[in-house]
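Undergrad: coordinates only, sequence not included:
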Ligand SMILES: Nc1ncnc2c1ncn2[C@@H]1O[C@H](COP(=O)(O)OP(=O)(O)O)[C@@H](O)[C@H]1O
Ligand SMILES: [Mg+2]
């Protein structure tokens, strides 16, 4: 794709004139950064400032001239899959205007020739994945109190995206790596709307998103149709992960490799207690009851039939104990068992492709598969 004009000639003054207000960084408006500004903030993208690597590129910690810290994401997406420069910045600007205490603020971007950078507020404690759920030896103790705060905070952030802003935003890539933690370990959801913006035209589900198998709603994988209820599915998986401390997919198991399979089997056996993280053994009876309730909400969110899943605002209410959960009935969850179940644009109208995806998605629940 050819970039037709430079930033200075392309954009309306409103984008360029917006500057941050000193001392009010959380309210800072989205703005365009220059390449040299980002270069000096990250000390020429020095490897010592590298804080992560994701599907869309590398992330560096940076310090702006006003002293505030930022996370600079250097996009490594092929230009083919990016839109025009002006449209790209305009869409990012819309995402940058979204402010909520449980959402990571996008502070701005930079387009320099073929290179594109996203500038986010910096989150001190990295991600939920790295801080609480990573390898046994590296992770911090995840108390029930913190789990509750993370689960409810993330649900609030998503309820805001889904139900309070217009047009609503579907996140599309909810996973533990996209839940970041600030200096007080408060959770903030990052990368909302990004999967749509950086979509890969060759497939309905971008390869980056497909990489996070286990969080992917079955209808998203099989039809490419993404709705708020697909986010609810991914949130449900995340919730099961927060309570159990288990990985979403365990490749070393040949039975019940997926967390959701395990949780459903435990639910059917009337023994959800065994899904609660062993690290929480010393918690009180009230907290154990609460953790079972959270697991049930997780299963409600992952039901195969998307319309039976609750809305995110209902999830917030259920987790906060404002909605009675005792007599709620839960139907079986959906699952995307492997990458073959993901429909690609190469076979856009192929019934075979769609139905085989559906078959894959449901076959995992057949008795033979569960008994395997
Ligand atoms: N705003 C941020 N503050 C601190 N660390 C971040 C921030 N954004 C991303 N990171 C770190 O960089 C890693 C890579 O991020 P990203 O490119 O979004 O890929 P992914 O979401 O697949 O992990 C994250 O897992 C996280 O560890
Ligand atoms: Mg991310």
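TA: Structure's in. What do you need? Since the structure is predicted, the reported quantities are computational estimates derived from the model, not experimental observations. Ligands and ions are numbered 1, 2, ... in the order given.

Undergrad: Would you mind giving both backbone torsions of residue 106?
TA: Taking degrees, to the nearest 10, you get phi -90, psi 110 for the backbone angles of residue 106.

Undergrad: Identify the residues contacting the spatially closest residue to it that is not a sequence neighbour.
TA: In this structure, residue 106 finds its nearest non-sequential neighbour in residue 96, 4.3 Å apart by C-beta to C-beta, 6 or more residues apart in numbering. Bear in mind the C-beta positions are built from the backbone N, C-alpha and C, glycine included. Applying C-beta atoms under 8 Å, 6 or more residues apart in numbering to residue 96 gives the contacts 29, 30, 105, 106, 107, 108, 109.

Undergrad: and the helix or strand containing residue 238, what other elements does it pack with?
TA: Assigned by DSSP states H and E, residue 238 belongs to helix 228-244. If contacts are counted by 3 or more C-beta pairs under 8 Å, 6 or more residues apart in numbering; DSSP states H and E, helix 228-244 sits against helix 144-159, helix 218-223, helix 259-268, helix 285-301, helix 312-319.

Undergrad: what about residue 335, helix or strand, and which?
TA: Here residue 335 is assigned to no helix or strand, by DSSP H and E.

Undergrad: Compute the number of surrounding residues for it.
TA: By the criterion of other C-beta atoms under 10 Å, residue 335 has 28 neighbours.

Undergrad: Phi first, then psi, for the residue in the stretch 1-150 of the chain that ligand 2 sits nearest to.
TA: Nearest residue of the stretch 1-150 of the chain to ligand 2 (C-beta to the ion) works out as residue 54 at 5.0 Å. Phi and psi for residue 54, reported as degrees, to the nearest 10, are phi -130, psi -170.

Undergrad: Hmm, residue 139 is touching residue 132, no?
TA: Yes: with contacts counted by C-beta atoms under 8 Å, residue 139 reaches residue 132, the gap being 5.7 Å.

Undergrad: Compare neighbour counts for these two and give me the winner.
TA: Ranked by neighbour count (other C-beta under 10 Å), residue 139 and residue 132 place residue 132 first, with 23 against 15.

Undergrad: secondary structure element for the closest residue to that one other than its chain neighbours?
TA: Leaving aside its sequence neighbours, residue 132 sits nearest to residue 142 (C-beta to C-beta, 6+ apart; 4.2 Å). Under the criterion DSSP H and E, no helix or strand holds residue 142.

Undergrad: going forward can the numbers begin at 16, since that is how I track them
TA: Let's use 16 as the start, then, which means that last one is residue 157.

Undergrad: contacting residues around residue 157?
TA: Neighbours of residue 157 in contact, by C-beta under 8 Å, 6+ apart: 147, 148, 257, 260, 292, 294.

Undergrad: Could you check the pLDDT of the first one?
TA: Pointing back at residue 147 there. Note on residue 147: pLDDT of 88.

Undergrad: Please report how far it lies from ligand 1.
TA: Separation of residue 147 from ligand 1 (C-beta to the nearest ligand atom, to the nearest Å): 13 Å.

Undergrad: The fifth one now?
TA: As for residue 292, its distance to ligand 1 is 22 Å (criterion: C-beta to the nearest ligand atom).
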